[in-house]
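A.B. asks: Next come a sequence and a model predicted from it.
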Amino acid sequence: MTALLNRPTAQAPIDLAAWTIGAPRLLAGLDQAMTIGLDLHLATHGPVPGTDLERILGFLDHAVIAGRGGAGFPLAAKIRALRGGRRRVVVNGTESEPASHKDRLLLHRTPHLVLDGALAVANAVGARTVAVAVHDLATAVVVSTALAQRADAGRVTVRVVRGGFVAGEARAVVRALDGGPALPTGHRTPPTANGVLLANPETFAQLAVLLRVGPQRFASTGVPGEPGTTLLTVGGAVGRPGVVEAPLGTPLRIVLTAARAEAPQAVVLGGYHGSWVQPMPQIPLSRSGVAVAGASFGAGVVLVVGQQTCALGELARVAGWLADQSARQCGPCRFGLPALAADVVTLAAGRPAAGRPAADAAFDHARAVTGRGACAHPDGAARFVTSGLHVLLAEAEAHRRGGCGRPVLGHLPLGAAR
Amino acid sequence: MTLTVDWTRCAGHGLCHALAPDLVDRDEWGFPVLHDAARVDTATARRLAGACPALALRVALPAR
């Protein structure tokens, strides 16, 4: 069963379109309003019953919530890892991944659910402040409007953190909130070591649902070890792009059918730090299911590369974008990602690179950047490109023989001006 | 004993490579490649870290 959750108005921006497979939880009530105000929120979800630390951790021990920002770190482990005196909660709503819209959708359309989760954690760990970090002013305005409706939100501030892909990395966000540049730090100290509980908006929204329904009902859908639903951002060559709420473990085929996808050449899972995969219809969309397919679930991005586009050109385009997104702090990333992108362009042009196959040069450059940066950007970019090269081996051969004859249609979206 | 590189600081001067060419290689852009950081003995690790003009090398005890 699928249900459309937005009123079909011509004005609704494409990235705020939402639908669901199965019963909506996070997206409940969106069929009634573009943005759910406090009254409708309480009528839809009811109040949060209790937010003491033991209750939260007890629930999370029975119904695991893995972080929904990409890394998948369990929320309970993050809460338990908190050290340091001054506790803070940060909602990382920067969503720098251009193919992902789910966090902006939550903050724009059902902001109170995110705030419920963030305030629950703040109460539980004794945080004096809660910061909601976003990339754009429009989102900041919606969240501020929601805060003004609540009596319990005095300690919450909204902060616009500008910047590119890597500015959304956890330590970069905390650094920006503390007055520094929005850049990853050179040492890999997690924010929890300094008393900062930072998580993704969907993670907080999932907690807000769990606290209301309890672990048993929460786990009535999903798969063992990964209970509940997930938000997916579906895009590319599909007739119905948007944010989808689906039970964890839903097979890829069901999502693609519901999204009215063209017959795919390939699918990109997890976003631009994720992987290209053959469009195997049975891949379960859960962290473990996607991992078995050799890919990473990331922040739940599903992009369809259709038959009409030049897939190798799509790969080259995103590889160039990833190189541009380097913060240029770390040498191997600064020089290695442009070299890697150039290899893919050479491959797409059907030429060798310095007297050897361009794919070999690309694999070497991918290896040369992996594990050699302050953040995971070089590793993620290398994974994206190498997985693409593996999936597109036959394409590369066609290009060597004179080209595939298809234009690059831009099925993989790049960051709009933000 | 392990030796780690702070990649935000490293500028590829290459002193670590010059001092211990058998332990530290350089990539095509001149940045260090530590093949087996755990193999570096304490004295060498301290010497390399102390010599780095960018203060990009860190000596750390293995996590317990």
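C.D. replies: Everything's here; your move. Numbering: from 1, shown residues only, chains lettered A, B, ... in the order given.
A.B. asks: CA atoms for contacts and neighbours, from now on please.
C.D. replies: Fine.
A.B. asks: how about the residue nearest the centre of chain A, secondary structure?
C.D. replies: For chain A, the residue sitting closest to the mean C-alpha position, by Cα atoms, centre = their mean, is residue A:299 at 2.8 Å. Put simply, residue A:299 is coil when judged by DSSP: H, G, I helix; E, B strand; the rest coil.
A.B. asks: Compute the number of surrounding residues for the nearest residue to it once chain neighbours are set aside.
C.D. replies: In space, and not counting its chain neighbours, residue A:299 is closest to residue A:70: 4.3 Å by Cα to Cα, 6 or more residues apart in numbering or on different chains. Residue A:70: 19 surrounding residues under other Cα atoms under 10 Å in any protein chain shown.
A.B. asks: Would you mind measuring from the closest residue to residue A:321 other than its chain neighbours to residue A:225?
C.D. replies: Counting by Cα to Cα, 6+ apart, residue A:414 is the residue found nearest to residue A:321 once chain neighbours are left out, at 7.4 Å. Relative to residue A:225, residue A:414 is positioned 33 Å away (Cα to Cα, to the nearest Å).
A.B. asks: OK, contacts around the residue nearest to residue A:400 when sequence neighbours are not counted?
C.D. replies: Using Cα to Cα, 6+ apart and skipping the chain neighbours, the partner closest in space to residue A:400 is residue A:350 (4.0 Å). Counting by Cα atoms under 8 Å, 6 or more residues apart in numbering or on different chains, residue A:350 touches A:396, A:397, A:399, A:400, A:401, A:402, A:403.
A.B. asks: and which of those residues is nearest residue B:22?
C.D. replies: Closest to residue B:22 out of these is residue A:396 (38.0 Å), distances taken as Cα to Cα.
A.B. asks: which residues touch residue 53?
C.D. replies: All of this is about chain A. A:121, A:123, A:124, A:125.
A.B. asks: ah, I was thinking of chain B
C.D. replies: Per Cα under 8 Å, 6+ apart, neighbours of residue B:53: residue B:13.
A.B. asks: Could you give the separation of whichever strand or helix holds residue A:245 from the chain centroid?
C.D. replies: Assigned by DSSP states H and E, residue A:245 belongs to strand A:242-247. From the chain centre to the centre of strand A:242-247 is a distance of 13 Å (Cα atoms, centre = their mean, to the nearest Å).
A.B. asks: Would you list the strands that that strand pairs with, along with their directions?
C.D. replies: Strand A:242-247 pairs in its sheet with strand A:18-21 (parallel), strand A:229-236 (antiparallel), by DSSP bridges.
A.B. asks: Quickly note the distance from residue A:370 to chain B.
C.D. replies: Distance, residue A:370 to chain B, using Cα to the nearest Cα, to the nearest Å: 11 Å.
A.B. asks: check contacts around that residue.
C.D. replies: Listed by Cα under 8 Å, 6+ apart, the contact partners of residue A:370 are A:378, A:379, A:382.
A.B. asks: With residue A:234 instead?
C.D. replies: A:241, A:242, A:243, A:244, A:259, A:301, A:302, A:303, A:304.
A.B. asks: so what pLDDT did residue B:34 get?
C.D. replies: Predicted confidence (pLDDT) for residue B:34: 89.
A.B. asks: Can you tell me how far it is from residue A:158?
C.D. replies: In terms of Cα to Cα, residue B:34 sits 42 Å off from residue A:158.
A.B. asks: Point out the residues in chain A that sit beside chain B.
C.D. replies: A:185, A:186, A:187, A:329, A:330, A:331, A:332, A:335, A:368, A:372, A:373, A:374 (Cα under 8 Å from any Cα of the partner chain).
A.B. asks: which one of the contacts of residue A:370 sits closest to chain B?
C.D. replies: Ranked by distance to chain B (Cα to the nearest Cα), the contacts of residue A:370 are led by residue A:378 at 11.6 Å.
A.B. asks: Model confidence for residue 17, exactly?
C.D. replies: No chain was given, so I picked chain A. pLDDT at residue A:17 comes out at 90.
A.B. asks: nope, chain B please
C.D. replies: pLDDT, read off for residue B:17, is 95.
A.B. asks: and it, that's in a strand?
C.D. replies: No: Residue B:17: not assigned to a strand; according to three-state DSSP it is helix.
A.B. asks: these two touch, right, it and residue B:31?
C.D. replies: No: between residue B:17 and residue B:31 there is no contact under Cα atoms under 8 Å: 9.2 Å.
A.B. asks: Let me have the contacts of residue A:370 in a markdown table, extended by secondary structure, neighbour count and pLDDT.
C.D. replies: Formatted as a markdown table, the contacts of residue A:370 follow (DSSP: H, G, I helix; E, B strand; the rest coil; neighbours: other Cα atoms under 10 Å in any protein chain shown; pLDDT from 0 to 100):
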| residue | secondary structure | neighbour count | pLDDT |
| --- | --- | --- | --- |
| A:378 | helix | 28 | 96 |
| A:379 | helix | 19 | 96 |
| A:382 | helix | 32 | 97 |
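A.B. asks: gap between residue A:168 and chain B?
C.D. replies: 17 Å.
A.B. asks: Contacts only, for residue A:398.
C.D. replies: With contact set as Cα under 8 Å, 6+ apart, residue A:398 has these partners: residue A:404.
A.B. asks: what does chain B put close to chain A?
C.D. replies: So chain B meets chain A at B:6, B:7, B:8, B:9, B:10, B:11, B:12, B:27, B:29, B:31 (Cα under 8 Å from any Cα).
A.B. asks: quick one: which of the residues you listed has the most company?
C.D. replies: Most crowded among the residues of chain B next to chain A, counting by other Cα under 10 Å, is residue B:7 at 24 neighbours.
A.B. asks: Spit out the contact partners of the residue lying closest to it once chain neighbours are set aside.
C.D. replies: Nearest non-adjacent residue to residue B:7, counting by Cα to Cα, 6+ apart: residue A:330, 4.8 Å away. With contacts defined as Cα under 8 Å, 6+ apart, residue A:330 is in contact with A:372, A:373, A:374, B:7, B:8, B:9, B:10.
A.B. asks: cool, and residue A:183?
C.D. replies: Applying Cα under 8 Å, 6+ apart to residue A:183 gives the contacts A:166, A:167, A:169, A:171, A:172, A:173, A:175, A:176, A:327.
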